[in-house]
Each structure stands twice: as structure tokens, then as C-alpha cells.
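*Asks:* Sequence and computational prediction follow.
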Amino acid sequence: MATGDLYRDGGHFRAAPLTREPNELRHGPILQHGAGDRPRLRRRGASFRLLPPLSPGLRTRRLLALTLRDLRRLATGPVPQTADRWERLVYGRLSALPDDAGPSQRAELVAALSMGTEMVHLRRTGPTLDVGADVDGVLDAFAHGESAIATARLEQLDRRLASRPGAPPGTPFALRARASVLAIVEALAQHPSYFAGGGRA
């Protein structure tokens with residue numbers, strides 16, 4: 001007699017006979033599930049193949065919207081140690097732009113790259129220069145699409161950096177912070193419609 005698993009009977013181990021159920025009975029649910037799903041899976045695969053690829057224009061707009069969304073998150077989210085991750089992200093999106101993306105669209109992405117880098121610098125040095133609250137006010141306005149308010153607050157921040165009591169405006173920290181302020185002001189002025197947009201992908 002063919003044997004299978006061992007079982008205990010009154011202190012002795014005996015061999016249980018192997019079941020001779022056909023595979024259809026032992027594995028029926030699995031086999032039936034796989035066989036029944038085949039037409040449905042084929043239909044799903046066909047539907048995926050029928051979806052047209054995104055047009056170059058739509059891909060470009062999507063990359064720009066995603067970048068603006070992420071830039072606003074960078075403005076108000078946790079402060080990163082460096083801008084390296086942000087720069088890698090946007091460089092990757094620049095390389096993914098379709099060949100027929102226009103010069104203005106590429107310039108908007110480059111401006112977002114620069115703004116993100118300068119935002120990280122301002123957020124990290126603002127507390128050292130005692131202007132952390134001013135920086136937060138600027139970036140909060142930007143994150144809500146209020147570029148005009150952000151620009152006005154940046155100009156106030158620049159004046160405050162230039163007139164800090166107890167430290168000349170030409171100190172390296174202050175000069176670097178003012179350079180960041182100027183870079184953000186210029187980007188907002190050059191691409192107002194982009195940075196005031198909805199940023200939805």
C-alpha cells in the first residue's frame with residue numbers, strides 16, 4: 001500500500017495512505033480560477049494596448065505641473081539638509097521633456113529648479129539670520145499661488161537683511177541670502193503665469 005503522511009495512533013506512528021484524488025479535485029479551485037480568468041485577462045491586456053500614448057504636449061504640461069506641485073511642497077514641507085534631491089528630481093524631468101517642448105517651457109522648468117535650490121538655502125539660513133519667520137511668510141504665500149504677495153514679502157525680507165542690527169549687510173551669510181531672494185524674485189517676475197498656476201498634473 002502506498003504511504004503518505006505519518007500520524008500518531010496510541011503512541012505509535014503509522015503511515016496514512018496516500019489519497020488518490022485526481023488533480024482536478026485537489027486543485028480544482030486553483031485551476032478553475034486560472035482558466036476562467038484567461039478571457040478576462042486577455043480583454044484587459046487588449047484594452048491596455050488600445051490606450052494611446054500621451055501626446056508630447058500633454059507630457060510636457062504634466063511634467064511642468066508635477067514640478068510646480070513639488071516645488072510648493074518643498075516651500076512648506078520638512079526642510080531638507082541640502083537641495084541635492086530636488087536637483088536630481090528636476091534634472092530627471094528636464095531630460096524627460098519631449099523634444100518638441102518649447103523654449104519657454106524648458107525655461108519654466110529651469111526656473112523651478114533654481115527656485116527650489118534657493119528656497120532650501122533660505123529656509124536653512126533664515127533662522128541663523130533671525131529672519132526665519134519672514135522666510136516662512138514668503139514661502140507660504142508662494143505655496144498658495146500668491147506670487148504678488150510673495151514678491152512683496154521678498155522685497156521686505158531683502159530690506160531687512162540689508163539693515164540687520166549688529167551685523168553689516170556685507171557678511172557672507174547675508175549676501176548669500178540676499179542673492180537667493182533676488183533669484184526667486186527674478187524667477188517670479190519672468191514666469192508669473194506658471195508660478196501662479198494650479199500646478200495640477
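*Replies:* Thanks, I have it. Numbers count the residues shown, from 1 in each chain.
*Asks:* Below-threshold pLDDT in this protein: ranges please.
*Replies:* Applying pLDDT under 70 to the chain flags residues 1-51, 165-170, 198-201.
*Asks:* those strands in it, which residues are they?
*Replies:* 3-9, 12-17 (DSSP state E).
*Asks:* Could you chop the chain up by domain?
*Replies:* Per the record, the chain has its domains at 3-50, 56-195, by automatic domain parsing.
*Asks:* Pick the most deeply packed of the ones you listed.
*Replies:* domain 56-195 (a mean of 17; mean count of other Cβ atoms under 10 Å). The way it works is simple: take the backbone N, C-alpha and C, and place the C-beta from them, glycine included.
*Asks:* ends of that one, how far apart?
*Replies:* 21 Å (Cα to Cα, to the nearest Å).
*Asks:* Please enumerate the helices of this protein.
*Replies:* Along the chain, counting by DSSP state H, helices occupy 23-26, 28-50, 56-76, 84-96, 103-125, 132-143, 147-162, 172-190, 192-195.
*Asks:* any idea how far Leu154 is from Ala177?
*Replies:* Applying Cβ to Cβ, to the nearest Å, the value for Ala177 to Leu154 is 11 Å.
*Asks:* got it, and Val90?
*Replies:* Taken as Cβ to Cβ, the span from Val90 to Leu154 is 21 Å.
*Asks:* Equivalent analysis for Leu122, please.
*Replies:* 9 Å.
*Asks:* list the residues that contact both of these two?
*Replies:* Val138, Val181, Ile184 (Cβ atoms under 8 Å, 6 or more residues apart in numbering).
*Asks:* Now for the second one: which residues touch it?
*Replies:* Val181 makes contacts with Glu118, Leu122, Leu154, Leu157, Asp158, Leu161, as judged by Cβ under 8 Å, 6+ apart.
*Asks:* Disregarding residues adjacent in the polypeptide, which is nearest to Leu89?
*Replies:* In this structure, Leu89 finds its nearest non-sequential neighbour in Asp70, 6.8 Å apart by Cβ to Cβ, 6 or more residues apart in numbering.
*Asks:* Likewise for Leu139?
*Replies:* Nearest non-adjacent residue to Leu139, counting by Cβ to Cβ, 6+ apart: Ala75, 3.9 Å away.
*Asks:* Wait, the one you found touches Ala141, no?
*Replies:* No - Ala75 is beyond contact range of Ala141, at 9.3 Å (criterion: Cβ atoms under 8 Å).
*Asks:* can you tell me the distance between the two ends of stretch 52-60?
*Replies:* 16 Å.
*Asks:* for stretch 66-85, same thing?
*Replies:* One end of stretch 66-85 to the other measures 15 Å (Cα to Cα).
*Asks:* Give me the residues contacting it.
*Replies:* Residues from elsewhere that reach stretch 66-85 (Cβ under 8 Å, 6+ apart): 86, 89-90, 93, 109, 112, 115-117, 119-121, 123-124, 139-140, 142-143, 194-195, 197, 199-201.
*Asks:* Check stretch 88-98 too.
*Replies:* Residues from elsewhere that reach stretch 88-98 (Cβ under 8 Å, 6+ apart): 56-57, 59-60, 63, 66-67, 70, 105-106, 109-110, 112-113, 116.
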